[in-house]
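S.K.: Got a sequence here, can you build the structure:
(chains A and B)
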Amino acid sequence: MSRDIDDQARLEAELEQARRRLHLTLDAAGASCGWEWDIPGRRLVADARFAEITLQDPVDLAQGVTPDRFFRSIHPEDLKRVKLAVAGMLAGSEVFSKEYRLLRNDGGYRWVHASGRTILDADDEPVKFTGILVDITEQKRITEQLRIAQSAGGIGTFEHIVGYGTITVSEQFCRLFGLHPTRILPIRTLNDLIHPDDERVIDLTDPDGLQNDRNIEFRVKRADDGIERWLARRGEYVDDIESSGRRFVGVVFDVTDTKRAQENLSIANKALAELARESMRERNRVWNNSRDLLAVLGTDGVFRDVSPAWAEILGHDPDQVIGRSLLDFAWPEDIDLVRTEMRKAVENVHNDLEIRLSHREGAPRTISWRTTREEDRVFAYGRDVTVAREQKAILEHTESQLRQAQKMEAVGQLTGGIAHDFNNMLTGVIGALALIKRRIAANRLDELDKFIDAATTSAERAAALTHRLLAFSRRQPLDRQAVDVNSLVGSMEDLFRRTLGEQIELFTHLSANTWSAVTDPNQLENAILNLVINARDAMPEGGKLTIETDNAVFTEADLARGETLKPGSYVVLAVSDTGIGMSEATIEKAFDPFFTTKPIGQGTGLGLSMIYGFAQQSGGHVTIYSRVGLGTTIKLYLPRSMESTASSDEDADANGPTPRGEGETVLVVEDDASVRMLVVDLLKELGYRVIEAVDGVEALPVIEGKARIDLLVSDVGLPGLNGRQLAEMALASRPSLKILFITGYAATAASRTDFLAPGMEMITKPFAIDALAQKVREILNTRRD
Amino acid sequence: MSASTLELDELERDALTELVNIGVSRAAASLRKMVNRQVILSVPSVEVVTRRSAASLIGQRESEALIAVQQQFEGPFSGRALLMFPESNGLSLIRAIVGDEMDEADLIEMEEEALAETGNVILNGCLGSMANMLQHTLKMSLPNVRRGDSALLFETLVNGGEESFVLFLYINFSVRERDIRGYIAMIMDLPSLTNLKQIISAFIERVMMENE
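M.R.: Next up, the predicted model:
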């Protein structure tokens, strides 16, 4: 018994060993879960691996079992499916290919793929059903992962075996083409959905050739909704194990959004490029056709680019300008200005400047520039304003000529009035002379003085009038000397009172220590008289007229505001009235010649302008202080004299008996015969010896001769040699010769002291005979000193 | 009747696929005998769709005109069976079957006749086997050949096609190493399809019993 048991135990151990060996052998042999189903015999044989995977006894299966054992361990949910498929096979289906789950010995399930075929007899009846199981659990998991990855990533997969007209695809692949999900698709179906201009997903032009395995992109019109999408294909060739050929395995995914973005970007880029080209063309048109100078400079002032207008305007070819400094082209006088302006152009974003540049042919061109700085570039736009500037100068010149013409016109208008006055005066002279002549003829000499006085008065008035005109034109020579203004005003008081009448009260406030002024006493008299008359006329209803004198000292600081006065000491003479006053506008024009507020015929309008001219020539000034309705004060500033006032003796002398000559010889040069005759006769009568000459040509031999000459009396405005030239030649021959000029009008003699050298004197036409006698005597006396 | 009640469940579709596979396997066997060469037919999928869907399904996939062999069938389920190819594939199939000996002109001349004959073998094999498996018989009419696009073949334009359904099969032919694709469509009205569904259920039940 125990031996039986021992035997049994030994047998079992041997069997176990044999099984293990079998396992190992099977493993080593790579046994493949195969089965063979004898259909008519209703018997199933399977290998050890099949037995193991289906949890069955390998020995039983190796020996043969009933066919229902095929379904052992199949998951209940899969069982019916598998049974149907097997039934199909048994009924004549040729291919068995199913995936299902098998129970594992740990209670879990594994996925297997069963593939089988039937073997038919001569009558095409299936006799055997054979196949193998493959554990695809891992593959299934990966497939599942792949499926999820595909649908999540929108990536469709495909496999194409070279030479096939169909392609194996994933569901996602179909969706990308808008097709019903399927496993196999004709390639043409896909290619027909692809845009004709694009590459095919699989190129069938050479059906047996390899596809290019580049990454390609193509547009498809999706079959379901007709929408065009961009798809990309990526793939590579792998060896196909089943067919020993090559398989192209790849993926397809939607790149529409990327593509559209790219397209939009490309369109935008193109548009931008076109825009840039267009604006470049426009810039070139502007650059090339501009009549203005366009330039691009570095901040170093060197030209980087200039427009063709440079050749036209400045004669410099752009090639000659580019690379050179702005300073090379600046008009030499403007170089410092250009340097300064260039610095400003670099420092500021915008700068306006006007500088002159040199034309290639040497002339300056005035260019008005506007610059714009952007980073390290200065863009300059220049306009040639040379002509405009020249025209402006011409315009200014023309305007001044116009003003002069207007003045002349005014003088012309004035001349009528003056001529009238002058005629009246001449009438007085001529009339008186006629009467005198008649009386002499009738030998009635008793009342001759009356007529002679009348003629003299008229003639003196005429002389005063011409003096005024000369003062107006500022061409009257001033006989400047120290004048005691107080005594001058005092001497005129009687005259003022007569002029003012009874309605106007005259007050004089003459500051006792008023300095002497340097001025022409006659002109000053005239000026004061004019001021008094103006004041009177401003008070038709009567009022108060005040004449004041005082001293004033101005320092630089006092005169800061555009005053024409120079710093220094002045005598101030003020004439105030309580009359109608002047408006601002009137004050502004008060010094203009011929400006008058008086009715036509009552005044020439020369008064104030003459006073103004006189004050300016004296080195002083006139100011007006006035308010409408309140009155006017006019202040006359005259420079202080540092000399002592001329003694009143001279005046006494002037009024004394006419001094006589003492046999001195006088050379008279005068081209006007009547004036010459008058002067010669007078001098002879006064006891001088006289030599006369018409002009310098006649006078020179006398001067260069041996004859005694004590005094040369000469007109200034001689034909040929003028008086001054003649005098200089005379002095060259006779250095001690004294000279007296007679002048009616002498442009160069505006200021007597500038014109006259020492030992020379001047007397202005018309002159009183007594004045001439006095002057001649003075000169000859001086010689004696 | 709504489409949902007509919807085949998974098992029914599997069963139908097996039935079709049996059918096309039979047909392939018949073709093998005709051409004396290896012919493999496979049916990757079976769908029941409306005629309009069937038309668009093919329309989507095929750009060229179709050529079809058509046969009427009558039995527990009746209707019209169509074997369809893109026109060029039809000619390739004929070429594959008759061999390269025949010249092109003759081939074109006899194309329709040859196609009708081939179609008859395939459709008869297919439908006959199915009926046989389902333990019923079908009476088949003589084949005729039609050409046109999918809408024409499914007559969707005639009566809208909403009241009848199509058992739609996509099949791959592999003959003489040529890859030929085609479609089999069985157009049935609603009662026929309902009958078919019941017959399939019975078939499934039988199969389950058999292998217990």
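
S.K.: Nearest to chain A: which residue in chain B?
M.R.: Residue of chain B nearest chain A, by CB to the nearest CB: residue B:18 (3.2 Å). Every C-beta, even on glycine, is put in place using the N, C-alpha and C of the backbone.

S.K.: secondary structure element for the closest residue in space to that residue that isn't next to it in sequence?
M.R.: What sits nearest to residue B:18 in space, not counting adjacent residues and going by CB to CB, 6 or more residues apart in numbering or on different chains, is residue A:88, at 3.2 Å. According to DSSP states H and E, residue A:88 maps onto helix A:76-91.

S.K.: For that helix, which residues meet the burial criterion?
M.R.: Going by neighbour count (16 or more other CB atoms under 10 Å in any protein chain shown), the buried part of helix A:76-91 is A:78, A:80-91.

S.K.: which residues are contacting it?
M.R.: Here helix A:76-91 makes contact (CB atoms under 8 Å, 6 or more residues apart in numbering or on different chains) with A:39, A:70-71, A:74, A:93, A:96, A:98, A:100-101, A:114, A:116, A:118, A:126, A:129, B:10-11, B:14-15, B:18-19, B:21-22, B:129, B:133, B:204, B:207-208, B:210-211.

S.K.: Please, a ChimeraX command that selects the buried ones among the residues you listed?
M.R.: Buried subset of these, written as a ChimeraX selection, criterion 16+ other CB under 10 Å:
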select /A:39,70,71,74,93,96,98,100,101,114,116,118,126,129 /B:11,14,15,18,19,21,22,129,133,204,207,211
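
S.K.: With pLDDT as extra columns, can I get the buried residues of helix A:76-91 in a markdown table?
M.R.: Shown next, in a markdown table, are the buried residues of helix A:76-91 (pLDDT from 0 to 100):
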| residue | pLDDT |
| --- | --- |
| A:78 | 90 |
| A:80 | 87 |
| A:81 | 88 |
| A:82 | 90 |
| A:83 | 89 |
| A:84 | 87 |
| A:85 | 87 |
| A:86 | 89 |
| A:87 | 87 |
| A:88 | 85 |
| A:89 | 87 |
| A:90 | 86 |
| A:91 | 82 |
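
S.K.: Looking at the residues you listed, which one is closest to residue A:149?
M.R.: Using CB to CB, residue A:78 comes nearest to residue A:149 of the buried residues of helix A:76-91, at 25.3 Å.

S.K.: From chain B, how far off is that closest one?
M.R.: Per CB to the nearest CB, to the nearest Å, residue A:78 is found 10 Å from chain B.

S.K.: Would you tell me which one of the buried residues of helix A:76-91 comes nearest to chain B?
M.R.: Closest to chain B, out of all of the buried residues of helix A:76-91 and judged by CB to the nearest CB, is residue A:88, at 3.2 Å.

S.K.: could you pull out the helices for chain B?
M.R.: Using DSSP state H, the helices of chain B run over residues B:3-6, B:10-35, B:51-61, B:87-98, B:104-109, B:111-133, B:150-154, B:156-159, B:190-210.

S.K.: For these, give me TSV that also has distance to residue A:335.
M.R.: Below are the helices of chain B laid out as TSV (distance: least, CB to CB, whole Å):
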stretch	distance to residue A:335
helix B:3-6	99
helix B:10-35	101
helix B:51-61	86
helix B:87-98	91
helix B:104-109	98
helix B:111-133	102
helix B:150-154	93
helix B:156-159	96
helix B:190-210	107
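
S.K.: could you dump those to a markdown table with distance to residue A:257 and mean pLDDT?
M.R.: Putting the helices of chain B into a markdown table (distance: least, CB to CB, whole Å; pLDDT from 0 to 100) gives the following:
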| stretch | distance to residue A:257 | mean pLDDT |
| --- | --- | --- |
| helix B:3-6 | 36 | 48 |
| helix B:10-35 | 37 | 82 |
| helix B:51-61 | 25 | 76 |
| helix B:87-98 | 37 | 78 |
| helix B:104-109 | 49 | 77 |
| helix B:111-133 | 46 | 85 |
| helix B:150-154 | 33 | 79 |
| helix B:156-159 | 36 | 56 |
| helix B:190-210 | 44 | 86 |
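
S.K.: Quick one: closest of these to residue A:544.
M.R.: It's helix B:51-61; of the helices of chain B, that one is closest to residue A:544 (CB to CB) at 124.0 Å.

S.K.: what's the residue lying closest to residue A:313 once chain neighbours are set aside sitting at in phi/psi?
M.R.: Setting aside the residues directly before and after it, residue A:313 is nearest to residue A:384 in space (CB to CB, 6+ apart), at 5.0 Å. When read as degrees, to the nearest 10, the backbone of residue A:384 gives phi -80, psi 110.

S.K.: what about stretch A:329-340, how long is it end to end?
M.R.: Counting by CA to CA, to the nearest Å, you get 15 Å between the two ends of stretch A:329-340.
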